[in-house]
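# Sequence plus predicted model, see below.
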Amino acid sequence: MEQLKIVASARQIPERQVTNDELSTIMDTNDEWIYSRTGIRQRQVVTTENTSDLATQVAKKLLENADITADSLDFIIVSTMSPDTLSPSTAAIVQGAIGASNAFAFDLSAACSGLVYGLSVASSLLATRYKRGMVIGAEVLSKLVDWQDRTTAVLFGDGAAGVIVDTTSENIGLLSEELRTFGDKGDNLVAGRFANTNPFSGEIEPADQYFHQNGREVYNFATREVPAVLKVALEKAQLSADDVDYYLLHQANARIVSSIAKRFGQPADKFPTNMATNGNTSAASIGILLDELVESGQVHSGQTVAFVGFGGGLTVGAQIWKI
Ligand code: 4VN
């Protein structure tokens, strides 16, 4: 059977850096508080770009890195919770910008699990009719952050990253996955609420674009569900935790990452992090981390790598890849 294989990765991070020290000049917070609780020292935020600009830069770099033309793409998936607009989708904007005339394009909404969910959809598309696609996680969370709320404003950063996926007849690629959604807990992480002002509506819930989270609940959800899905994905791949070279977890919080490493009895250096420099970039974080590690040569073909996304929905998903 044809499997899907990652053939290229790329990332795009905005230039403007905002350190914890700079944040402490605009809100009542400080580097020690932020760093000790989250592992974040700085993040990058956009000044003029929107989500589709970051995603389009990633798409262009992907074409270059894979040495392929835009017209060879069958589909483009952009996973995002911060699209430019609901219509057109951010993926459609990217498709137009790079001239991928043979590709259909759509956005996928799964918050911080977006890249993993997007790759799951891509694997099904490639197993049926299609040969090649792009999956990009792109976020400008700085437009959803309430910059008056120091409990959330310190956590997030903007960025985008993605991969090109191709079919292969080799026995590599996506070995297994376990995806779960807990919609009954969705209220713990909310952003981008519209108001319905139709003349027939009764009591209207007011619009609220801002990101709100019940941090404790989301944190506890992550420490409970990430080990559970990872364990199932490893079992499905008939691998042990030791067989995995690198675990690329969503970069929400350094303490979550180290607690999962301990839980699986794995050394911390198998759980690379970049939240110190990038903050939490939601759907973009796993792709950014992957591209950094591919660039430095730490992650390369022949290795076994786990991706684990978790967050809004609430959603969680683990995949085991033979790169
Ligand atoms: C997944 C997670 C988080 C998240 C939740 C809580 C949290 C990150 C709460 C306690 C606080 C330090 C920060 Cl687990 C967010 C998302 C959204 O991408 C996804 N940090 N913290 C403290 O007081 O220690």
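That came through, no problem.
# got any ranges where the stretch 1-150 of the chain has weak pLDDT?
1-2 (pLDDT under 70).
# got the residue ranges for the strands in it?
3-12, 17-19, 42-44, 75-79, 104-108, 132-139 (DSSP state E, counting those that start in this stretch).
# what does the longest one contact?
The reference is to strand 3-12. With CB atoms under 8 Å, 6 or more residues apart in numbering as the test, strand 3-12 has contacts from 54-55, 57-58, 61-62, 65-66, 119, 122-123, 126-127, 159-174, 284, 287-288, 290-292, 294, 321, 323. To be clear about C-beta, it is placed using only N, CA and C from the backbone, and glycine gets the same treatment.
# For the closest residue to residue 139 other than its chain neighbours, give me its contacts.
With sequence-adjacent residues excluded and distances taken as CB to CB, 6 or more residues apart in numbering, residue 139 is closest to residue 282, at 4.5 Å. Shown in contact with residue 282 (CB under 8 Å, 6+ apart): 81-82, 111-112, 114, 137, 139, 141, 156, 250, 311-312.
# For the residue most central in space within the chain, give me its contacts.
For the chain, residue 283 is the residue whose C-alpha lies nearest the centre (CA atoms, centre = their mean; 2.1 Å). Residue 283 sits next to 79-81, 110-115, 118, 137-139, 309 when contact means CB under 8 Å, 6+ apart.
# ok, now residue 178?
229-230, 232-233, 236, 317-318.
# which residues does it form a beta bridge with?
residue 318 (DSSP bridges).
# Report the rounded mean pLDDT for the lengthiest helix in the chain.
Taking DSSP state H as the assignment, the helix of the chain that covers the most residues is helix 215-236. Averaged across helix 215-236, the pLDDT comes to 97.
# where along the stretch 101-250 of the chain do the helices fall?
Assigned by DSSP state H, counting those that start in this stretch, the stretch 101-250 of the chain shows helices spanning 114-128, 150-153, 215-236.
# Format these as a markdown table; extra columns: distance to residue 105.
What follows is the helices of the stretch 101-250 of the chain, written out as a markdown table (distance: least, CB to CB, whole Å):
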| stretch | distance to residue 105 |
| --- | --- |
| helix 114-128 | 12 |
| helix 150-153 | 30 |
| helix 215-236 | 28 |
